[in-house]
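Chemist: Structure for this input, please:
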Amino acid sequence: MTATPAVLESFLNEYGQLVETTLKPAQAAIIAELAHWQDPAHWEKYKRTSRMPLPTPVHSILSRIKRPEQVVDKILRRPDTFPDGLTAKSLERMPDTLGFRVVVYFLSHLPLIDRELRDSGAFELSATDPPVAYLPADQVRVLGLDHLAQCEKESGYSSVHYTLRLDRPGAPWFELQVQTLAQETWSAIEHHLGYKPGKCISLAAQAQFKILSKYISAIDEHFNLLHEELNHLQEEVSYSEEDFLNAENLPSVLADMGIACAQRDLNNILKFLYSRGVERVADLRRLGTAKRLATIRNTFLAAAGRPPVSLEIIATLAALRGAANGNEEVERIKAQIAYRGAWDSIRQELLRT
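Modeler: As a prediction, the model looks like this:
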């Protein structure tokens, strides 16, 4: 199928208007909604026990609006899907003009995202274009995603695709891809190499793609097993005062002090504590007395107008080592608040440049 220059120009103008009046505002609204997913506190409802770290499944969130030439190419290549050609009706039939990708850490995070999409009330899933899991059938079953349509792509591409929209009047449909870090790596390499099923490619290259896709899948499953094993150890761990702090016991120690932590923050917390000489359970518990924790929270409320987040509590506790008295502790807490405020201002300025 081809199009005359006049038809093409008219269509591109129409798509440009759609981008400005509908897709860009929708993109901003969806980004604002999904931003909550990157806050560890958002996932606290999925904790199995209070002693486990917050799951924090989201590594990154990406979005894009389909380029005009891609929209035109798709319509012209698929006349059966877009019988009206380069018209507004074809744009209505194309739910992926606006697209998002959520990258999670592990396979077991895929059902967590699926559950959030269905239960949050923020989104409406398409009934005519239902979700598809581009995963092996046994993997779909193990993950509890067998309520999704299952399909496997020739290249080995893996992802879960949703067509959905914000649950509000006039919201446009968009495509959401959910992938693990390993799957996202595969997608990036596939895209970089320009491989697409059906295009001319040697049998040897096809075989290599299939072999590598199996390796990627195996790596994903092994990482997931490690993740599940660590979760089990964190849930069941017991500790003594003289134990060294580690990724297994730190969530329980902090939980017993009334401090929640996110799984993704454990390594940074441990490095920070060790750099300040807080290496054993007893070191941290001596610092984190009920009185000192209350002082930190109250000082934050008075000086910053908000309660401290978990990482701020831990950083402030470490800064209080060696304080001579309560007055000096309050001054050190205020210094921490000022330091954090100055850093936040610098970071915002860097983001604007």
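Chemist: Surely Glu229 is within a helix?
Modeler: Yes - Glu229 forms part of a helix when assessed by DSSP: H, G, I helix; E, B strand; the rest coil.
Chemist: Just the pLDDT for the residue positioned nearest the centre of the chain.
Modeler: Geometric centre of the chain, nearest residue: Val58, 2.0 Å, by CA atoms, centre = their mean. With respect to pLDDT, Val58 scores 96.
Chemist: what sits against it?
Modeler: Contact analysis of Val58 by CB atoms under 8 Å, 6 or more residues apart in numbering lists 37-38, 102-104, 109, 113. All C-beta atoms are positioned from the backbone trio N, CA, C, and that covers glycine.
Chemist: go with 10 Å
Modeler: Listed by CB atoms under 10 Å, 6 or more residues apart in numbering, the contact set of Val58 reads 34-40, 42-43, 102-105, 109, 112-113, 116, 178, 264.
Chemist: Let's see which of those residues end up in strands.
Modeler: Residues of the contacts of Val58 located in strands (DSSP state E): 102-104, 178.
Chemist: Out of these, which two are the most distant from each other?
Modeler: Val103 and Val178 (8.1 Å; CB to CB).
Chemist: More neighbours: which of those two?
Modeler: Shown here are Val103 and Val178; by other CB atoms under 10 Å, Val178 has more neighbours (25 against 21).
Chemist: mind checking how far Lys56 is from His227?
Modeler: Rather than Lys, residue 56 is Thr. Counting by CB to CB, to the nearest Å, the gap from Thr56 to His227 is 12 Å.
Chemist: tell me the helices in the stretch 251-353 of the chain, going along the chain?
Modeler: 266-275, 281-287, 290-304, 310-319, 326-352 (DSSP state H, counting those that start in this stretch).
Chemist: The stretch 1-150 of the chain now?
Modeler: Secondary structure of the stretch 1-150 of the chain (DSSP H, counting those that start in this stretch): helices at 5-18, 24-34, 68-77, 88-92, 110-119, 137-142.
Chemist: Which one of the ones you listed lies nearest to Arg276?
Modeler: helix 110-119 (33.4 Å).
Chemist: Quick one: mean pLDDT for that closest one?
Modeler: Mean pLDDT, computed over helix 110-119, is 96.
Chemist: Stretch 37-51 now?
Modeler: Mean pLDDT, computed over stretch 37-51, is 87.
Chemist: Next: stretch 326-337.
Modeler: 92.
Chemist: CA atoms only for it, dumped as PDB, please.
Modeler: Output in PDB follows, covering the C-alpha atoms of stretch 326-337 (Å, rounded to 0.1, in the frame of the first residue of the first chain):
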ATOM      1  CA  GLY A 326      21.100  15.300  73.800                       C
ATOM      2  CA  ASN A 327      21.700  18.900  72.800                       C
ATOM      3  CA  GLU A 328      24.600  17.900  70.500                       C
ATOM      4  CA  GLU A 329      22.500  15.100  69.100                       C
ATOM      5  CA  VAL A 330      19.800  17.600  68.100                       C
ATOM      6  CA  GLU A 331      22.400  19.800  66.500                       C
ATOM      7  CA  ARG A 332      23.800  16.900  64.500                       C
ATOM      8  CA  ILE A 333      20.300  15.900  63.400                       C
ATOM      9  CA  LYS A 334      19.700  19.400  62.100                       C
ATOM     10  CA  ALA A 335      23.000  19.400  60.300                       C
ATOM     11  CA  GLN A 336      22.000  16.100  58.600                       C
ATOM     12  CA  ILE A 337      18.700  17.800  57.500                       C
END
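Chemist: now what about that stretch, what contacts it?
Modeler: With CB under 10 Å, 6+ apart as the test, stretch 326-337 has contacts from 291-292, 295-300, 302-304, 306, 308, 312, 315-323.
Chemist: Can you say which of those are buried?
Modeler: Neighbour-count burial (16 or more other CB atoms under 10 Å) applied to the contacts of stretch 326-337 gives 292, 295-297, 299-300, 304, 308, 312, 315-320.
Chemist: Farthest-apart pair in the residues you listed, please.
Modeler: Ala304 and Ala318 (18.3 Å).
Chemist: Show the low-confidence segments of the chain, by residue range.
Modeler: Within the chain, the stretches with pLDDT under 70 are 1-2, 194-202, 342-353.
Chemist: how about a cut-off of 50?
Modeler: Residue ranges of the chain with pLDDT under 50: 351, 353.
Chemist: give me the beta-bridge partners of Val103?
Modeler: Legend: beta-bridge partners of Val103 under DSSP bridges are Ser60, Gln179.
Chemist: domains of this protein?
Modeler: Following automatic domain parsing, one gets these domains for the chain: 5-202, 250-352.
Chemist: could these go into JSON lines alongside distance to Glu221?
Modeler: Below are the domains of the chain laid out as JSON lines (distance: least, CB to CB, whole Å):
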{"stretch": "domain 5-202", "distance to Glu221": "7"}
{"stretch": "domain 250-352", "distance to Glu221": "19"}
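Chemist: what's the closest of those to Ser217?
Modeler: Nearest of these (CB to CB): domain 5-202, 6.8 Å.
Chemist: what distance separates the closest one from the centre of its chain?
Modeler: In terms of CA atoms, centre = their mean, to the nearest Å, the centre of domain 5-202 is found 13 Å from the chain centre.
Chemist: Check stretch 298-315 too.
Modeler: How far stretch 298-315 lies from its chain's middle: 25 Å, per CA atoms, centre = their mean.
Chemist: Need the distance between the two termini of it.
Modeler: Using CA to CA, to the nearest Å, the end-to-end distance of stretch 298-315 comes out at 16 Å.
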